[in-house]
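Visitor: following is a predicted model, sequence given first.
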Amino acid sequence: MFKTLPGFRDFYPEDCAVRNYLFRVWRRAALSFNFKECDGPILESLELFKEKSGDEIVGQLFAFTDRGGREVALRPEMTPSLARMVAARAQAMKRPIKWFCIGENFRYERRQRGRLRSFYQFNADIFAEPGPGADAEVIAALIHSLRMMGLSTDDFVVRISDRDLWILYLRSLGLGEKAILALLNLIDKRERLSRDVVLERLRPFFHGSAEDFLLNVETLTRTRNMDDLSAFVQAHLTGGELSDAVKRRLSSWVELLDRLERMGLGNWICIDMGVVRGLAYYTGFVFEAFDRRGEHRAIAGGGRYNHLVKKLGGPDMPAVGFAMGDVVIGQILSEKGLLPCRPQKPDLFIIMGKGKPAATALGLLHDLRRAGFSVEYPLRPVAFGKQFKAAHQSGAGLAVILGEDEVEKGVAKIKHLRSGKEEETPLKDLVAKLSDHCR
RNA sequence: GUGAUUGUAGCUCAGUUGGUUAGAGCACCGGAUUGUGGUUCCGGGGGUCGCCGGUUCAAGUCCGGUCAGUCACCCCA
């Protein structure tokens, strides 16, 4: 027997029902924020991804040479395609540009909890708006979609951080670009390493003052409110006076938090400078949604990437967005019993007698389908008893019964399968009657 | 790429110090049942016990290898 390739999944009807539920919630959440749906190709030029993330990314791509000799790759994420699409029409589109998309992505990685080689992602991005209003909108959309799935403030929190502020801080210590990237990386994985190991890795940059630096990092990453954040900045980022860049970051923070607070989302977010996010292209705010119990990988992550559109050949256009995968959120909803069990089912099940009734029923069921109902019936002659059983098992709410007696009288019986009640209806009124019941 | 762990029916599992033809529950199919649901009863199909090799009179069971799943490391867009 053939099996799925490692990290790929089969979607049986019940799995498809779950996947479609996630898609439906994502779509509804995005539309309520007036994000416009779009999509790009699944296969892209390898260069597009290299351009965005660097050569080392190639090892994690499903990449190959096509018959035309082109180096191509299955998309590992959707942002580069979106950025390219925005770049191509940047001059002609109304701003701000609010887009979302839902699509399959592929990463050639070792499989483990919450991580597969094929997965679906929901992306929502805002282009061409540099102010924190866009960041707030995107974060609000993220929270909104999770709430629509039934998650509460007990279940998850969005941790918000600021890469610019980190960079300003590290720069104020006299560090160069390379050192800053290395340190951000280290800060990112600080929680997973022992303190001694972290100190050891800091020493090349700070020598004797590594301990002091780490203490400061720990203070900053423990900061949970605006006052403490300001205080830290005042204490460590000035030579007496705040630079304009630092002042702008602080006022962006105030505005971002204020907006989220006014949207009623204050309880869903927290300041957490421990969130850094791996890749270098983020600028400004970055954020990740985590389950409160910390048992899972990040549910979703995002941030501002002001230089990416330009890097991919477009105009200088700021952007902010997030992505949420189907795997981690699927696990969380499943554990919490929040996945609605809604099997795929018909509206109507037709129960028919053999011979003349069956002939009448075939015409009738096609009329019902043309009227928009989802209709099921036995594909071969089956005893009435079994048909009733099948009708119940199909999940249909109503059965339409057509036996010899009914055909004689020109009627059908409508049986409400949940209550057991039956009513007789002339065939000509059937569609109207069923429409009433199905509403 | 590294390490740990687990592989018996579609699913969850049992299988005695190695010993007859490998079992159960659930699920599925058929019948009791040609006019009214989940109950009940009866029956059925499904297994190269992950795969290959070794030890043995005899291997689901012991040994070696291998493959696959799971978890973690690396990485994380």
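Guide: Thanks, I have it.

Visitor: what separates the least confident helix or strand in chain A by mean pLDDT from the chain centre, distance-wise?
Guide: Within chain A, no helix or strand scores below helix A:46-53, which has a mean of 86 by mean pLDDT, DSSP states H and E. Remark: helix A:46-53 is offset 22 Å from the chain centroid, using C-alpha atoms, centre = their mean, to the nearest Å.

Visitor: ok, now stretch A:248-259?
Guide: Distance of stretch A:248-259 from its chain centroid, counting by C-alpha atoms, centre = their mean, is 25 Å.

Visitor: check which residues of that stretch are buried.
Guide: Residues A:249, A:250, A:252, A:253, A:256, A:257, A:259 are the ones in stretch A:248-259 that count as buried (16 or more other C-beta atoms under 10 Å). Using the backbone N, CA and C atoms, a C-beta is placed for each residue, glycine as well.

Visitor: ok, which stretches of the stretch 1-150 of chain A are helices?
Guide: Taking DSSP state H, counting those that start in this stretch, the helices of the stretch 1-150 of chain A run over residues A:13-32, A:46-53, A:79-89, A:132-148.

Visitor: which regions of chain A sit below the pLDDT cut-off?
Guide: Residues of chain A that meet the criterion pLDDT under 70 lie in A:1, A:54-56, A:239-241, A:279.

Visitor: ok but residue A:171 is inside a strand, no?
Guide: No: with DSSP: H, G, I helix; E, B strand; the rest coil as the criterion, residue A:171 is helix rather than part of a strand.

Visitor: nearest residue to it in space, please, no chain neighbours.
Guide: residue A:180 (6.9 Å; C-beta to C-beta, 6 or more residues apart in numbering).

Visitor: likewise residue A:173?
Guide: residue A:213 (7.6 Å).

Visitor: right, and the residue nearest to residue A:171 touches residue A:170 too?
Guide: Yes: if you go by C-beta atoms under 8 Å, residue A:180 and residue A:170 touch, sitting 4.6 Å apart.

Visitor: residue A:437 and residue A:27, how far apart?
Guide: Look at residue A:437 and residue A:27: by C-beta to C-beta, to the nearest Å, they are 28 Å apart.

Visitor: what about residue A:415, which SS state?
Guide: Under three-state DSSP, the three-state class of residue A:415 is strand.

Visitor: any idea what it is bridged to?
Guide: Residue A:415 has these beta-bridge partners by DSSP bridges: residue A:399, residue A:422.

Visitor: ok, now which ones touch it?
Guide: A:351, A:391, A:398, A:399, A:400, A:401, A:421, A:422 (C-beta atoms under 8 Å, 6 or more residues apart in numbering).

Visitor: those, buried ones only, as a ChimeraX selection?
Guide: The following ChimeraX line selects those of the contacts of residue A:415 that are buried, judged by 16+ other C-beta under 10 Å:
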select /A:351,391,398,399,400,401
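
Visitor: could you work out the most separated pair of the contacts of residue A:415?
Guide: A:351 and A:421 (15.2 Å; C-beta to C-beta).

Visitor: tell me how many other residues crowd the residue lying closest to residue A:47 once chain neighbours are set aside.
Guide: Of all residues not flanking residue A:47 in the chain, residue A:71 sits nearest, at 7.0 Å (C-beta to C-beta, 6+ apart). Neighbour count for residue A:71, taken as other C-beta atoms under 10 Å: 13.

Visitor: which bits of the stretch 101-250 of chain A sit near RNA strand B?
Guide: With the criterion set to C-beta under 7 Å from any atom of the strand, the stretch 101-250 of chain A comes near RNA strand B through A:107, A:109, A:110, A:111, A:112, A:113, A:114, A:115, A:185, A:189, A:192, A:193.

Visitor: switch the cut-off to 6 Å
Guide: Neighbours of RNA strand B within the stretch 101-250 of chain A, by C-beta under 6 Å from any atom of the strand: A:107, A:109, A:110, A:111, A:112, A:113, A:189, A:192.

Visitor: in this structure the second one contacts residue A:60, no?
Guide: Yes: contact criterion C-beta under 8 Å: residue A:109 and residue A:60 qualify, at 5.8 Å.

Visitor: report the closest residue of the stretch 101-250 of chain A relative to RNA strand B.
Guide: Per C-beta to the nearest atom of the strand, the residue of the stretch 101-250 of chain A with the smallest distance to RNA strand B is residue A:113, at 3.1 Å.

Visitor: helix, strand, or coil at the spatially closest residue to that residue that is not a sequence neighbour?
Guide: Nearest residue to residue A:113 in three dimensions, chain neighbours excluded: residue A:297, at 7.6 Å (C-beta to C-beta, 6+ apart). Secondary structure, three-state DSSP: residue A:297 is coil.

Visitor: give me the number of residues near residue A:297?
Guide: For residue A:297, the count of nearby residues is 16 (other C-beta under 10 Å).

Visitor: ok, now the one 3 residues further on?
Guide: Number of residues near residue A:300 (other C-beta under 10 Å) recorded here: 24.

Visitor: of all the residues in chain A, which one is nearest RNA strand B?
Guide: Using C-beta to the nearest atom of the strand, the single residue of chain A nearest to RNA strand B is residue A:403, 1.8 Å away.

Visitor: not counting its neighbours along the chain, what's nearest that residue?
Guide: Spatial nearest neighbour of residue A:403, chain neighbours left out: residue A:353 (4.0 Å); criterion: C-beta to C-beta, 6+ apart.

Visitor: now do the contacts for the one you found.
Guide: Neighbouring residues of residue A:353 by C-beta under 8 Å, 6+ apart: A:384, A:402, A:403, A:404, A:407.

Visitor: mind listing what's buried along the helix or strand residue A:204 falls within?
Guide: Per DSSP states H and E, residue A:204 falls inside helix A:195-206. By 16+ other C-beta under 10 Å, the buried positions in helix A:195-206 come out as A:198, A:201, A:202, A:205, A:206.

Visitor: done for today, thanks.
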